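A.B. asks: A structural model of the following input is requested.
(one chain, ligands or ions: 2)
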Amino acid sequence: MEKSVKILITGKLHDVALQLLKNQPPELAVTEPLEIVYLPDAPRDVILKEIENTNVLISRSETDVDAPLLRAAKKLSVVARAAVGYGNIDCDMATELGILVVNTPGKNTNSAAELTLGLLLSLLRKIPAAHQSTSAGGWNRHHFTGIELGGKTIGIVGLGNVGHRVAKFAKGFDMRVICYDPYISDEVFRKNQAERKNTLEELLADCDILSVHVPLNKETKSMIREVELKKMRKGSFVLNAARGGIINEKDLLKTLHEGYIAGAGIDTFENEPNPLKELISHPNVIVSPHIGASTLEAQYRIGETIAIQVLKSLRGEIVDYPVNLPHVSILGSGDLRQFSVLTEKTSLVAAQIFDFHPAILKLTVNANVNKEDLQILKLSCLKGFLSHVSDEFVSYVNAERLLAKRGIQFEIELKNTLTSKNELLIEVFGTGTNEKISVGSVLYDGKFARLCSINDFIFEIEPEGDLIVMQNHDRPGVIGDVGTYLAKNKVNIAQFELSRNRRGGMAMSLIRVDGELETKVIDDFRKLPNLISAKLVSGL
Ligand SMILES: NC(=O)C1=CN([C@@H]2O[C@H](COP(=O)(O)OP(=O)(O)OC[C@H]3O[C@@H](n4cnc5c(N)ncnc54)[C@H](O)[C@@H]3O)[C@@H](O)[C@H]2O)C=CC1
Ligand SMILES: O=C(O)C(=O)COP(=O)(O)O
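C.D. replies: Ligands and ions are numbered 1, 2, ... in the order given. Have a look, this model is predicted:
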């Protein structure tokens, strides 16, 4: 029976995602059948059980993808976060286990920013309370006198996707916008017409409304405590549509009780789905149940993007939004993709032919690629090498860590001497003198891949299927013996390439065979006359 790939979905997804996974467009089609298990409201114990044989997990913020869950997953290769914030995923553990984490940045930006403004207007114009009173038959116009946004100063912490959109909307309300974000350039501030504040303290002292739009991490957890809140002017307002805990909830509650902070609009809480009761029921607090991303439009974009990320990862392609991969700019580049496949195969050849303890793995690239693209070639090289020498599951995600664990040094060199073809050389050095092997390959026209050298021997052979790498004395009859032996064992030769250093000297042959070679066949092959060595290279 054909092996299927299990995709477990533990959060509500737009139907477009399910349809894309079920009816894959030809350019994203995967070979194995997909078993889609859609459990948007499953409790933890059910998820823990289901995860065991899951290959891909798609989740939203309610699923804690923590170390116990990741460890319980025996076959997991991708965690797809159908949104932006991935604080609910133990990315370090995922990396350790070689699991790729992807997300969908930018797809819910507008929705999150609109909700932030919605909370702000609701808060300053007391809309929810006015609604409640009026719909209950009341008509109390004086009680609901509010405050205008126009002319007020909003202090934004984090001028990223959501922050800059909030800034734009706030400008539309004639607000003054000031921001604190130490990680972005002056240019971005200028583009967003946001006044830069160099410290959080400066921002707090100068705003009427504080809105946080940073990820929750060690640095931002409780970055706004009582002491920070009290640096704001008395009667200021705060908004949190980012993550619960960025503004310390107990401290916020205290300043609300004291009347120091006039009100708060909150979408995200420290303890979801059971937020602090006193906070959510405070008369000056307006709340929503983490719905910043919950619009039809955002969910459509997220659903579409996450399904594409999952299909790309299953096809072994580079995904657009990796969370725990070094950034690579390979996107859409077919040539680079072919070149990275060739790099992996060349490295796999190298890994199968050296017979010393490796100390250094070196990749030399002679091609028209930029420095960022080199990163993907590096990972391909490490993956190819380690998938043969390591028993652990090797992926782009954990390849660097696994190499470091083995104490093997990695070197990389980029030469840009040729533009018409992409060449690469992989060298493995041992600790002793003369302990060195090198394997070279070339990609012609972005599609024709050839292995072209092993040490000083020159070839032109397709890196496909199984190869016998044979060293022999350059004497008459060797090729005949090899042909007869393989034919006797019903092994068909797909390609035979012979190279020698000098007449009557040493020769090396690469024999590409159809099908997989049995161990016994290669063991007996080594006993043929005039052979020095014969190595089997498989998995190409
Ligand atoms: N309520 C909801 O449903 C939603 C919540 N979010 C939350 O909002 C956060 C922001 O989302 P995006 O704008 O898309 O992310 P982003 O990554 O585009 O922006 C985050 C910004 O915060 C800045 N930053 C990081 N650490 C900082 C620090 N210590 N001090 C000041 N600035 C800092 C970064 O430089 C970056 O510019 C997400 O991490 C997510 O947790 C996002 C979308 C929906
Ligand atoms: O994008 C984010 O960070 C969000 O908070 C949205 O999360 P959700 O998809 O609603 O679980």
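
A.B. asks: Is the residue of the chain most remote from its centre in a helix, a strand, or coil?
C.D. replies: Centroid-distance maximum for the chain: Pro476 at 54.8 Å, with C-alpha atoms, centre = their mean. Under DSSP: H, G, I helix; E, B strand; the rest coil, the three-state class of Pro476 is coil.

A.B. asks: Go through stretch 124-135 and flag the buried ones.
C.D. replies: Neighbour-count burial for stretch 124-135, counted by 16 or more other C-beta atoms under 10 Å, picks out Leu124, Arg125, Lys126, Ala129, Ala130. From N, CA and C alone the C-beta is placed, and that goes for glycine too.

A.B. asks: Then stretch 473-485?
C.D. replies: Across stretch 473-485, burial judged by 16+ other C-beta under 10 Å covers Asp474, Val478, Val482.

A.B. asks: What's the separation between the residue farthest from the centre of the chain and ligand 1?
C.D. replies: 69 Å (C-beta to the nearest ligand atom, to the nearest Å).

A.B. asks: Look up phi and psi at that residue.
C.D. replies: Dihedral pair for Pro476: phi -60, psi 150, per degrees, to the nearest 10.

A.B. asks: Now for the residue in the stretch 351-500 of the chain that ligand 2 sits nearest to: which residues touch it?
C.D. replies: As assessed by C-beta to the nearest ligand atom, ligand 2 sits closest to Val397 within the stretch 351-500 of the chain, at 21.4 Å. For Val397, the contact set (C-beta atoms under 8 Å, 6 or more residues apart in numbering) comprises Ala94, Thr95, Gly98, Ile99, Leu100, Asn324, Leu325.

A.B. asks: Can you flag which of those belong to helices?
C.D. replies: Secondary structure from DSSP state H places Ala94, Thr95 of these in helices.

A.B. asks: Is it correct that Glu427 falls within a strand?
C.D. replies: Yes: counting by three-state DSSP, Glu427 is part of a strand.

A.B. asks: Now do the same contact list for whatever residue of the chain ends up closest to ligand 1.
C.D. replies: Relative to ligand 1, the nearest point of the chain is Gly160 (1.7 Å; C-beta to the nearest ligand atom). Contacts for Gly160 (C-beta under 8 Å, 6+ apart) come out as Asp181, Ile184, His213, Val214.

A.B. asks: Going along the chain, name the helices of the stretch 201-350 of the chain.
C.D. replies: Here the stretch 201-350 of the chain has its helices, by DSSP state H, counting those that start in this stretch, at 226-229, 249-257, 277-280, 296-314, 334-353.

A.B. asks: Redo these as TSV? Include mean pLDDT and distance to ligand 1.
C.D. replies: Shown next, in TSV, are these (pLDDT from 0 to 100; distance: least, C-beta to the nearest ligand atom, whole Å):
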stretch	mean pLDDT	distance to ligand 1
helix 226-229	97	12
helix 249-257	98	15
helix 277-280	98	15
helix 296-314	96	8
helix 334-353	88	26
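
A.B. asks: Nearest to Leu76 among those helices would be which one?
C.D. replies: Leu76 lies closest to helix 296-314 among these, at 11.7 Å (C-beta to C-beta).

A.B. asks: Just checking the closest one against ligand 2, any contact.
C.D. replies: No: for helix 296-314 and ligand 2, the contact criterion (C-beta under 6 Å from any ligand atom) is not met; the two come no nearer than 6.9 Å.

A.B. asks: which secondary structure elements does that helix contact?
C.D. replies: Judged by 3 or more C-beta pairs under 8 Å, 6 or more residues apart in numbering; DSSP states H and E, the packing partners of helix 296-314 are helix 15-22, strand 56-59, strand 78-81, strand 100-102, helix 109-125.

A.B. asks: Among those, which comes closest to ligand 2?
C.D. replies: Nearest to ligand 2, of all these, is helix 109-125, at 6.9 Å by C-beta to the nearest ligand atom.

A.B. asks: Not counting sequence-adjacent ones, nearest residue to the residue positioned nearest the centre of the chain?
C.D. replies: Central residue of the chain (C-alpha atoms, centre = their mean): Pro322, 1.8 Å from the mean position. Taking C-beta to C-beta, 6 or more residues apart in numbering, and ignoring the residues beside it in sequence, Pro322 has Val102 as its nearest neighbour in space, at 5.7 Å.

A.B. asks: Number of residues surrounding that neighbour?
C.D. replies: Residues lying near Val102 (other C-beta atoms under 10 Å) number 27.

A.B. asks: Specify the beta-bridge partners of it.
C.D. replies: Counting by DSSP bridges, Val102 forms beta bridges with Ala80, Pro322.

A.B. asks: Check whether Thr95 really touches Ala399, as I assumed.
C.D. replies: No: with contact defined as C-beta atoms under 8 Å, Thr95 does not reach Ala399; the gap is 10.6 Å.

A.B. asks: show me where the stretch 301-450 of the chain has strands.
C.D. replies: Counting by DSSP state E, counting those that start in this stretch, one finds strands in the stretch 301-450 of the chain at the ranges 358-366, 409-415, 421-430, 436-444, 448-454.

A.B. asks: can you list these in CSV and add mean neighbour count, distance to Ser380 and mean pLDDT?
C.D. replies: Putting the strands of the stretch 301-450 of the chain into CSV (neighbours: other C-beta atoms under 10 Å; distance: least, C-beta to C-beta, whole Å; pLDDT from 0 to 100) gives the following:
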stretch, mean neighbour count, distance to Ser380, mean pLDDT
strand 358-366, 19, 9, 92
strand 409-415, 13, 12, 92
strand 421-430, 20, 10, 90
strand 436-444, 20, 12, 94
strand 448-454, 20, 13, 93
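
A.B. asks: can you redo the ones you listed as a markdown table with distance to ligand 2?
C.D. replies: Output for the strands of the stretch 301-450 of the chain, formatted as a markdown table (distance: least, C-beta to the nearest ligand atom, whole Å):
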| stretch | distance to ligand 2 |
| --- | --- |
| strand 358-366 | 37 |
| strand 409-415 | 35 |
| strand 421-430 | 38 |
| strand 436-444 | 39 |
| strand 448-454 | 40 |
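
A.B. asks: now for these, which one comes closest to Val166?
C.D. replies: In this view, those are compared for proximity to Val166 by C-beta to C-beta, and strand 409-415 is the closest at 41.4 Å.

A.B. asks: Paired strands for that closest one, with orientation please.
C.D. replies: Assessed with DSSP bridges, strand 409-415 is paired to strand 358-366 (parallel).

A.B. asks: Which of the strands of the stretch 301-450 of the chain sits closest to Met223?
C.D. replies: With C-beta to C-beta as the measure, strand 409-415 is the member of those nearest Met223 (37.2 Å).

A.B. asks: gap between the closest one and the chain center?
C.D. replies: In terms of C-alpha atoms, centre = their mean, to the nearest Å, the centre of strand 409-415 is set 24 Å apart from its chain centre.

A.B. asks: Other residues contacting that strand?
C.D. replies: Applying C-beta under 8 Å, 6+ apart, the contact partners of strand 409-415 are 359-366, 369, 371, 374, 377-378, 381-382, 400, 403.

A.B. asks: if you set the cut-off to 10 Å instead, what comes out?
C.D. replies: Strand 409-415 has contacts (C-beta atoms under 10 Å, 6 or more residues apart in numbering) with 358-371, 373-375, 377-378, 381-382, 385, 399-400, 403-404, 423, 425, 427, 429.
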